[in-house]
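Student: my questions are about this predicted structure, shown below with the sequence.
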Amino acid sequence: MNRARRARIVATLGPASRSPALVKALAKAGVDVFRLNFSHGSHEDHAAALKAVRGAETALRRPLGVLADLQGPKLRLGRFADVEIQVKPGHTMRFDLDPAPGDETRVQMPHPEIFKALRTGMLLLLDDGRVRLRVGERTNKWADVTVESGTQLSDRKGVAVPEAIIPVSALTPKDREDLAFALRIGVDWVALSFVQKAEDMAELRRLVAGRAACMAKIEKPAAVTNLESILDYCDGVMVARGDLGVELDPEEVPVAQKQIIRAARQRGVPVIVATQMLDSMTDAPAPTRAEASDVANAVYEGADALMLSAETASGDYPLETVAIMNRIMERVERDPLWPSLMDAEHAGMDDLDADALVAAARKAAESQSTACIVVFTTLGGTARRMARERPLQPILALTPNPDTARRLALVWGLEPRLGKEPASLEDVTDDAIDSAMEYGFAEVGQRILVLAGTPFGAPGAANLLRLAHAAAKGKRPRKT
């Protein structure tokens, strides 16, 4: 079950894909991390899906990650007396807090926090941007708006305010219940929606308390503006292009994607590109050429993972979708241009000892005779540092911690596997050779780079780099 690619695949489980047999088939086809979307489905559904992932993991002898994606706040209009009204440019109406059914002149917007954030002249987007309005007079209880574009409005359509930070917690009461449940069943990653500032992620980290890795979904313009401070509190980040594309102009979304990927790579923070990657395959057996190019471009940019949403959760062709994404990724990584793009950008050093050792390992690995890099890691920090350097050889990340192995399944180029900590300094090379050969990353005579740290089991203690050659146990030198 070794991958022939470095970029990873995240697939959403749903009614079309959560059976144990299909989860196992999806993992064989290329899925590395499975997403549980808490905007849909019951707790029982998600528990059953996680159980299916753990069963597939055991059967395939490969760690598989599970990502819990929290719904976040949903800002919506109230209801209309006739369910729907017609509007056109120049139409004026009032949004207020009155729960009475609305009409062409007014409707409820049951969010006092929005009124507090609004200013005259601000843009409002309704129904995923299909209706654009401009704010006129306003108070903390109402706002007069003028339609700039759009034709109709109906009950409970979403509201977006791209030019303001809404003073609302990114964690709703539902999210807190879902988070407690997700941690109880043992998910590996938690993704937070509606992130606007660093404090949102800090709040999530306090609640998670180390029981899972924390991911920020970048889907608000404010999050792009505050990206660097948000990354301070992230174990991972997602370019959530669906909601981001509502609040940003279309031409800004690819620029924001590149900005987020670049910033995350500099930090060594895993980054997922999500939304509509192969959207037409929700009900078609093949993608459009534009979608294939979209997937390829994210791989060329060095994203750690690409995510499938409705394509696998509710689509007609979940297996075919994963297989095609896998093929596109593999093809990109066979492109002679691809290695130079991975080598074009390396992060600065923030821990001189560990980073210098990792940089030396990447340089040493450039020899074509190097089969793989073996990293001994406890919490995953050394392995993530090695992946940040984007070496072209597979990185076998050995850890005694199943939670660490599953979290690392999301990271570019890493092949996490469970392995014991070396009993002594003398065992480091033998254990690395044994594992590399057992898992099929090296053959007799091939060179292996070994990265480890002493004292063993101490997080962040990478201080040992060794060169070794794979050989049968009886033919190895007594010392290395």
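Tutor: Everything's here; your move.

Student: could you use CA atoms for every contact and neighbour count after this?
Tutor: Will do.

Student: residue contacts, Asn463?
Tutor: Neighbouring residues of Asn463 by CA atoms under 8 Å, 6 or more residues apart in numbering: 353-354, 357, 451-454.

Student: and for Val131?
Tutor: Contact partners of Val131, counting by CA under 8 Å, 6+ apart, are 125, 147-153.

Student: dig out what it forms beta bridges with.
Tutor: Here Val131 sits in beta bridges with Leu126, as judged by DSSP bridges.

Student: element containing the residue nearest to Leu379 when sequence neighbours are not counted?
Tutor: Leaving aside its chain neighbours, Leu379 sits nearest to Thr404 (5.6 Å; criterion: CA to CA, 6 or more residues apart in numbering). Following DSSP states H and E, the helix or strand that holds Thr404 is helix 402-408.

Student: quick one, phi/psi of the residue nearest the centre of the chain?
Tutor: Nearest to the mean C-alpha position of the chain, counting by CA atoms, centre = their mean, stands Ile272 at 3.6 Å. Backbone torsions for Ile272, taken as degrees, to the nearest 10, come to phi -110, psi 140.

Student: residue contacts, it?
Tutor: 236-239, 303-307.

Student: if we can go back for a sec, name the helices or strands packed onto the helix holding Thr404?
Tutor: Packing partners of helix 402-408 (3 or more CA pairs under 8 Å, 6 or more residues apart in numbering; DSSP states H and E): strand 65-69, strand 395-399, strand 414-418.

Student: what lies in contact with it?
Tutor: Helix 402-408 has contacts (CA under 8 Å, 6+ apart) with 63-66, 188-189, 213, 378-380, 384, 397-399, 414-418.

Student: cool, and stretch 99-108?
Tutor: By CA under 8 Å, 6+ apart, stretch 99-108 touches 77-82, 85-87, 92-98, 110.

Student: repeat that for 6 Å
Tutor: Applying CA atoms under 6 Å, 6 or more residues apart in numbering, the external contacts of stretch 99-108 come out as 78-81, 93-98.

Student: ramachandran angles for Ala180?
Tutor: With angles defined as degrees, to the nearest 10, Ala180 sits at phi -60, psi -40.

Student: quick check: it vs Gly72, distance?
Tutor: For Ala180, the distance to Gly72 equals 14 Å [CA to CA, to the nearest Å].

Student: domain assignment for this structure?
Tutor: Under the assignment automatic domain parsing, the domains of the chain span 8-72+170-334, 84-160, 346-475.

Student: Asn2 is nearest to which of these?
Tutor: Closest of the domains of the chain to Asn2 is domain 346-475, at 7.3 Å (criterion: CA to CA).

Student: what is the mean pLDDT for the closest one?
Tutor: Here domain 346-475 scores 88 as its mean pLDDT.

Student: what about that domain, distance to the chain center?
Tutor: Put simply, domain 346-475 sits 23 Å off its chain's centre (CA atoms, centre = their mean, to the nearest Å).

Student: what stretches of the protein score poorly on pLDDT?
Tutor: Filtered on pLDDT under 70, the chain yields the residue ranges 346-352, 460-461, 474-480.

Student: grab the longest helix from it for me.
Tutor: Among the segments of the chain that qualify as a helix by DSSP state H, the longest is helix 43-60.

Student: using PDB, write down the CA coordinates of that helix.
Tutor: Output in PDB follows, covering the C-alpha atoms of helix 43-60 (Å, rounded to 0.1, in the frame of the first residue of the first chain):
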ATOM      1  CA  HIS A  43     -23.300  11.200  15.200                       C
ATOM      2  CA  GLU A  44     -24.200   7.500  14.600                       C
ATOM      3  CA  ASP A  45     -23.400   7.900  10.900                       C
ATOM      4  CA  HIS A  46     -20.000   9.400  11.700                       C
ATOM      5  CA  ALA A  47     -19.200   6.800  14.300                       C
ATOM      6  CA  ALA A  48     -19.900   4.000  11.800                       C
ATOM      7  CA  ALA A  49     -17.800   5.700   9.200                       C
ATOM      8  CA  LEU A  50     -14.800   6.100  11.500                       C
ATOM      9  CA  LYS A  51     -15.200   2.400  12.500                       C
ATOM     10  CA  ALA A  52     -15.100   1.500   8.800                       C
ATOM     11  CA  VAL A  53     -11.900   3.600   8.300                       C
ATOM     12  CA  ARG A  54     -10.200   1.800  11.200                       C
ATOM     13  CA  GLY A  55     -11.200  -1.500   9.700                       C
ATOM     14  CA  ALA A  56      -9.700  -0.600   6.300                       C
ATOM     15  CA  GLU A  57      -6.600   0.600   8.100                       C
ATOM     16  CA  THR A  58      -6.100  -2.800   9.800                       C
ATOM     17  CA  ALA A  59      -6.800  -4.700   6.600                       C
ATOM     18  CA  LEU A  60      -4.400  -2.600   4.400                       C
END
